[in-house]
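> sequence and computational prediction follow.
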Amino acid sequence: MLDAQTKYRICPICEATCGLTLQTEGRTVGDIRGNPDDVFSHGYICPKGVALRELDADPDRLRTPLIRRGGELVEASWDEAFDEINKRITPIIAEHGRESVAAYLGNPSAHKVSLQLYVPVFLKALASKNLYSASTLDQMPKQVSNALLFGNFLTCAVPDIDRMQLLVVMGANPMASNGSLWTVPDFRGRVKAMQKRGGRLIVIDPKKSQTAKIADRHIAIRPGTDAYLLAAIANVLIEEDLVEIGELESLINGLDEVKAAMAPYVPEAVADVTQIPADTIRGLAREIASTQAAGVYGRMGTSTQEFGTLASWLTDVVNVLAGNLDRPGGMMFPKAPALQANSTGAPGVGRGTRIGRWQSRVRGASEILGELPAVCLAEEIETPGAGQIRALFTIAGNPVLSTPNGERISRAFGTLDFMVSIDIYLNETTRHADVILPGTSPLEESHFDIGFHQFAIRNAARFSPPVFPLDGSRPSEWEVLVRLAGIVSGQDMPAQEYDDQMIRGRIKSLTQKEDSPIFERDEDQIFDALTGVGADRQVDLALRVGPYGDAFGANPEGLTLQKLIDTPNGVDFGPLEPRLPEALRTPSGKIELAPPEILSDLPRLSAGVARKAPDAFLLIGRRDVRTNNSWLHNLPLLAKGPLKCTMQIHPDDADRLGLDDGSMASVQGKTGAVEVVTERTADVMPGVVCIPHGFGHNQQGANLRVASERPGVNSNLLADDSLIDPLSGNAILNGIPVSVSAA
Ligand code: SF4
């Protein structure tokens, strides 16, 4: 076998960031396995990692730019594509201003280092306030809570599972998702180890998920009521004198306000709304309080709902009150090797975060962390007047399937004057584009996790060079984004020149900051010492001035990009360590446990406490280990097997409605309806139906041949785009009232 090689690669698909080994021959990938020597994931792999081979080879994956000519998308050269963008976007900006151009970023933007580092370059050049992303369809409530409590939205406490004795998981299914806002490869193995040392896993979820099935206890909860349960747990801790904060107490502002705010939420008051008996709530609170190393972790179900920010905040309130924040075996703050805001600049204090700096034009929704709610995008395109969106860039996103009322957003995209997409597929969204710039295969670019080291169960650093070189006729993704930045800013210049200027600007700024490890160093020397180009060069700079970096010679044993290239299994920096107060970036230098913005939303929560169970069913979503939102459905390895897009319903409810396994059910929400295959299962609590999101691959003009064989339905057609969690602007994708009948 000629040219057979073993390559090392961090999987870029989900947050677990597993280290993989790939056998390659020429441009072909053979066997893919978990890398047993990887310092972080130790050989773990899931089916999606194996499917990287199919993703790389997928004949439907775009490899050439497409331009719309006479209504049809036809292949074009890169120069023709950039010329077309320049020709079409420049007059729109000139005539209607920068706000007339919007950008939408999808979830994979967080998984590719070139996108993470160069999308901001493009957005800065675009200078439009019309920025939208999948964050407001997912984790924005947690980000807002983190920002207000700790001073930065990515300062996120994660379960220190390897030293825990009690983990309470709410609205999350890490067995399927492999962790979210929590980088935790081999969740199952870690739970088994915890159980072996006498620890326990408790899952609180409307569905007995795969995670609930390996748990020591499952508590079913009515969808959308997690904030009530958490407030009641806090109430018990306070009322029964179980609060034991420890050394952290001197670092907390607002403790008395929180204690007062929790007073109404006695377990008996929330038992009806949550459908959890008061005794169960009291027992749970006592168990959390009496376990030395414990933590409460909440994700999608606690976030994508009407009280998303309150529930996200209350998880940290409970963790603080029980003394589990920032201690081994509790909820801890990782220290990432590069580009982590809470380990940059002066330690322990910062500017904090302001939200609501501007409002959306049509419904007046608040800006959150620099963007507007994704549910506002359609109305901002449809509504005439100054500031109307006339052109759109989508980057690795499929909002037609991901946002509520996808049919409306699809219609709105059809009315745009101009649309550009960077994507690997001609999908339900990009079929509306006038120009599509193909993204690279994940194996054709280097990989470094900026975000996920910040949520990791252990401190480590890893880097993967490209498995295959880029086809010489195409630019890398960082160059594409720099070209686009040049076009929208009117300073079209060679990508390398633009990039040199940018990195020199960063070096200059670092050498002028007293708290920088390269304060007053020679700028040219620093520039000349950097390795690589584009994203790699930025990573090198960030690593070297980061907490484990070599500071360009000042700490010769420290990290550099070259050191990581030479160490394909990664570098381990050990278990998480307490980081408070150093990791705080609030102006007070304390944890702001009672932010006024959050307390002001509590009346909305208390108003709902007397709410009775509705006549309607409540719709929830679910994860499957073989899917990831909407974009992996075209890979045969993942698409095969039992039908994934079904409506799960409790057998008692199904009997009442005359629904047999495999029969078609009609599900009606406020904004749309779907007909979906029934799956009867007692895993789902009565009164709840469960449909996964990201399906609906039957739309004309898309080219996803495998996905379209079993297209499924778009459950987000049932989600109401007029509703948001007010503090975070997040869409409400769980606990949606729907009516169900036999189709
Ligand atoms: S768990 Fe995530 S990172 Fe690991 S192999 Fe699967 S998709 Fe890749």
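Perfect, thanks for sending it.
> for whichever residue of the stretch 251-400 of the chain sits closest to the ligand, which residues are in contact?
As assessed by CB to the nearest ligand atom, the ligand sits closest to R299 within the stretch 251-400 of the chain, at 15.1 Å. (Each C-beta comes from the backbone N, C-alpha and C, glycine too.) By CB atoms under 8 Å, 6 or more residues apart in numbering, R299 lies in contact with 139, 142, 170-172, 177, 180-182.
> T383 reaches R361, doesn't it?
Yes: applying CB atoms under 8 Å, one finds T383 in contact with R361, separated by 7.3 Å.
> the two: who's more crowded?
Taking other CB atoms under 10 Å, T383 and R361 do not tie; R361 has more neighbours (20 against 14).
> with adjacent residues omitted, what lies nearest to that one?
G387 (4.8 Å; CB to CB, 6 or more residues apart in numbering).
> closest residue of the stretch 451-600 of the chain to the ligand?
Closest approach between the stretch 451-600 of the chain and the ligand, counting by CB to the nearest ligand atom: F452, at 9.1 Å.
> run a quick neighbour tally on the closest residue in space to that residue that isn't next to it in sequence.
Nearest residue to F452 in three dimensions, chain neighbours excluded: T183, at 4.5 Å (CB to CB, 6+ apart). Neighbour count of T183, defined by other CB under 10 Å: 26.
> before we move on, what about L73?
Residues contacting L73 under the criterion other CB under 10 Å number 20.
> what confidence value was assigned to the closest residue in space to L416 that isn't next to it in sequence?
The shortest distance from L416 to any non-neighbouring residue, by CB to CB, 6+ apart, is to L392 (5.6 Å). We have a pLDDT of 98 for L392.
> L392: what secondary structure?
Secondary structure assignment for L392 (DSSP: H, G, I helix; E, B strand; the rest coil): strand.
> ok, it to P59 distance?
With distances taken as CB to CB, to the nearest Å, L392 is found 28 Å from P59.
> likewise I202?
Separation of I202 from P59 (CB to CB) stands at 46 Å.
> same deal with I487?
Shown here: I487 relative to P59, a distance of 30 Å by CB to CB.
> between these two, which has more neighbouring residues?
Of the pair I487 and P59, I487 is the one with more neighbours under other CB under 10 Å, namely 22 against 9.
> test my guess that the more buried one contacts R88.
No: I487 lies out of contact with R88 (CB under 8 Å); the separation is 10.1 Å.
> can you pull the buried residues of the longest helix along the chain?
Ranked by residue count and defined by DSSP state H, the top helix of the chain is helix 78-96. By 16 or more other CB atoms under 10 Å, the buried positions in helix 78-96 come out as 78, 81-82, 84-86, 88-89, 92-93, 96.
> now the element after that helix, going C-ward?
Remark: after helix 78-96, the chain's next helix or strand is strand 101-105, criterion DSSP states H and E.
> buried ones in stretch 538-558, by neighbour count?
Of the residues in stretch 538-558, 538-552, 558 count as buried by neighbour count, 16+ other CB under 10 Å.
> check stretch 376-383 too.
Residues of stretch 376-383 classed as buried: 376-381 (neighbour count, 16+ other CB under 10 Å).
> now do stretch 278-292
Within stretch 278-292, the residues scored as buried using 16+ other CB under 10 Å are 278, 281-282, 284-285, 287-289, 291.
> other residues contacting that stretch?
The contact list for stretch 278-292 (CB under 8 Å, 6+ apart) reads 165-166, 168, 202, 219, 229, 232-233, 236-237, 240, 242, 244, 266-268, 270-271, 274, 294, 296, 318, 322, 324, 329.
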